[in-house]
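Enquirer: Based on what follows, work out the 3D shape:
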Amino acid sequence: MNPQDHVAAHLASYIENQALPPQSKLPPERRLCEELKISRGELRKALSLLEAEGKIWRHVGRGTFIGTRPLDRMDEITALSTHTNPAEVMQARLLLEPGLARIAAIQSTAADIERMRLCSKRKDAAVDWHTYERWDGAFHQAVAKGAHNMLLLTLFNALNTVREATEWGRLRKSRLTDAHRQRSGKQHLAIIDAIIARDMEQAETAMRDHLHSVHKALLGSNYEADEVVAIDDAIETG
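Expert: Sure, this is the predicted structure:
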């Protein structure tokens, strides 16, 4: 375990030992540094790791909270999963996520990009499906956060909630191959490279190509080229 992971694990253990309920606010950074005997820089890196894992969320000006960022009317959003399917979820992702990558190419900060790199690296190093899936989702959320548009991020989180509640997970697990993992890793790096280059067009294209690849890998014979063309035409004609 590298030093950064050790600090993150130490912080996670501290949070768990507090036995606080979800959405509880963590103590101020100064107090955490004192109690954990770590520097402010080490703490912030650890917080970023735990946030990427969905264990905490941060609100500028309000503090850091345990658990995932809450969505209003979560029950209604989750209930949508009973009226949709993986194909419809992917159609929605194809409409939303390439645009988020495009905006992230302009709006993302160095910290945002570092989070994307971290998530991609952790995903590629995952030794089991659950870890792989968690870091893959964290990467896509990191791109969404990099757009710095709260409305679009809320839409992304709502869509992600529906995605997680559908049969998507079982489908992913059954179709995930080594070849798909390698291809996905290269595609994530292409997205990051485009964002680093501040190339809006390429970032959008790289994300769309990645999602097309995921769509085809997961849905197999259910994947129709005409369906993709229709989505792309809708994007272009707006």
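Enquirer: Which strands and helices lie in contact with the longest helix that the chain contains?
Expert: Criterion DSSP state H: the longest helix present in the chain is helix 86-107. Secondary-structure packing of helix 86-107 (3 or more Cβ pairs under 8 Å, 6 or more residues apart in numbering; DSSP states H and E): helix 129-146, helix 150-165, helix 168-175, helix 178-196, helix 200-219, helix 225-237. Any C-beta I mention is one placed from the backbone N, CA and C, and that applies to glycine too.
Enquirer: looking at the ones you listed, which is closest to residue 89?
Expert: If you check each of those against residue 89 by Cβ to Cβ, helix 150-165 wins as the nearest, at 4.9 Å.
Enquirer: Buried residues of the closest one, list them for me.
Expert: Neighbour counts over helix 150-165 (16 or more other Cβ atoms under 10 Å) mark 152, 153, 156, 157, 158, 159, 160, 161, 162, 163, 165 as buried.
Enquirer: What of stretch 32-49?
Expert: The neighbour-count check on stretch 32-49 (16+ other Cβ under 10 Å) flags 32, 33, 36, 38, 42, 43, 45, 46, 47, 48, 49 as buried.
Enquirer: Now go through these and say which are in helices.
Expert: Among these, the ones falling in helices (DSSP H) are 32, 33, 36, 42, 43, 45, 46, 47, 48, 49.
Enquirer: for these, which one is nearest residue 183?
Expert: The shortest approach to residue 183 among these belongs to residue 49, at 25.9 Å (Cβ to Cβ).
Enquirer: Show me what whatever helix or strand comes next after the longest helix of the chain is in contact with.
Expert: Next helix or strand after helix 86-107 toward the C-terminus (DSSP states H and E): helix 110-125. Contacting residues not belonging to helix 110-125 are listed as 48-49, 52, 104, 108, 131-132, 135-136, 138-139, 142-143, 145-146, 181, 184-185, 188-189, 191-192, 195-196 [Cβ atoms under 8 Å, 6 or more residues apart in numbering].
Enquirer: Buried ones among these?
Expert: Buried, going by 16+ other Cβ under 10 Å: 48-49, 52, 104, 108, 132, 135-136, 138-139, 142-143, 145-146, 184-185, 188-189, 191-192, 195, out of those.
Enquirer: Need the per-residue pLDDT for the residue nearest to residue 180 when sequence neighbours are not counted.
Expert: Distances taken as Cβ to Cβ, 6 or more residues apart in numbering place residue 217 nearest to residue 180, at 5.1 Å, with adjacent residues excluded. Residue 217 is assigned a pLDDT of 80 by the prediction.
Enquirer: before we move on, the earlier item: show me what counts as buried in the longest helix of the chain.
Expert: Within helix 86-107, the residues scored as buried using 16+ other Cβ under 10 Å are 86, 89-94, 96-105, 107.
Enquirer: Can you check what angle separates that helix from helix 150-165?
Expert: Calculated by axes from the mean of the first three to the mean of the last three Cα atoms, to 10 degrees, helix 86-107 forms an angle of 150 degrees with helix 150-165.
Enquirer: Also compute the angle for helix 86-107 relative to helix 110-125, please.
Expert: 140 degrees.
Enquirer: what distance separates helix 86-107 from the centre of its chain?
Expert: Its chain's C-alpha centre and that of helix 86-107 lie 12 Å apart, by Cα atoms, centre = their mean, to the nearest Å.
Enquirer: Need the helices and strands packed on helix 86-107 in a markdown table (columns: distance to residue 14).
Expert: Compiled in a markdown table, those are given as follows (distance: least, Cβ to Cβ, whole Å):
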| stretch | distance to residue 14 |
| --- | --- |
| helix 129-146 | 21 |
| helix 150-165 | 26 |
| helix 168-175 | 30 |
| helix 178-196 | 31 |
| helix 200-219 | 36 |
| helix 225-237 | 45 |
